[in-house]
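Student: This is the structure alone, sequence omitted:
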């Protein structure tokens, strides 16, 4: 498996998971003090107040469930399906750009796509998947 094949496979997995998840705006119940990180976030100050239609809230450990800490809730909400899909699109474009840049180099100086400057950029993307069983140590930046 090449580095580009590995990256495309991981991005396909990320995209599939994000599309299967609940879309819409995500937020985190921050506790007693309002906390807004960006305008996609819904701030909820009352755990028993229903969220607006199309908005989803990660609550911090209230009756019946929730995550164990506010930090976990904020992290989950921040990494929403919408954000994941934007990251997948950006990474796909980076792969295309790296491949095109590699093709512009003359045949005499062209390196395999996982080497040189283009390869280094792709290895930087790949390292976020270093815990995947198909990740190769040779891809470490």
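Tutor: Noted; the coordinates are in hand. Worth saying up front: this structure is predicted, and the values here are computed from it rather than measured.
Student: Please enumerate residues in contact with the helix ranked longest in the chain?
Tutor: Counting residues, the longest helix in the chain under DSSP state H turns out to be helix 81-104. Helix 81-104 has contacts (Cβ atoms under 8 Å, 6 or more residues apart in numbering) with 4, 7-8, 11, 14-15, 17-19, 21-26, 40, 110-111, 113, 116-119, 121-122, 125. For glycine as for every other residue, the C-beta is placed from the backbone atoms N, C-alpha and C.
Student: Looking only at that helix, what residues are buried by neighbour count?
Tutor: By neighbour count on 16 or more other Cβ atoms under 10 Å, the buried set for helix 81-104 is 81, 84, 85, 87, 88, 91, 94, 95, 98, 102.
Student: got a markdown table for those residues, with pLDDT and distance to residue 141 too?
Tutor: Shown next, in a markdown table, are those (pLDDT from 0 to 100; distance: Cβ to Cβ, whole Å):
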| residue | pLDDT | distance to residue 141 |
| --- | --- | --- |
| 81 | 88 | 28 |
| 84 | 93 | 22 |
| 85 | 94 | 25 |
| 87 | 96 | 18 |
| 88 | 97 | 20 |
| 91 | 97 | 15 |
| 94 | 95 | 14 |
| 95 | 95 | 15 |
| 98 | 90 | 13 |
| 102 | 81 | 16 |
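Student: could I get the residues you listed as TSV with distance to residue 75?
Tutor: Shown next, in TSV, are the buried residues of helix 81-104 (distance: Cβ to Cβ, whole Å):
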residue	distance to residue 75
81	14
84	13
85	18
87	15
88	19
91	20
94	24
95	26
98	29
102	35
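Student: before we move on, the earlier item: just the buried members of the contacts of helix 81-104?
Tutor: In the contacts of helix 81-104, burial by neighbour count holds for 4, 7, 11, 14-15, 18, 24-26, 40, 113, 116, 118-119, 121-122, 125, counting by 16+ other Cβ under 10 Å.
Student: Output the lowest mean pLDDT helix or strand found in this protein.
Tutor: Ranking every helix and strand in the chain by mean pLDDT, DSSP states H and E puts strand 55-58 at the bottom, with a mean of 60.
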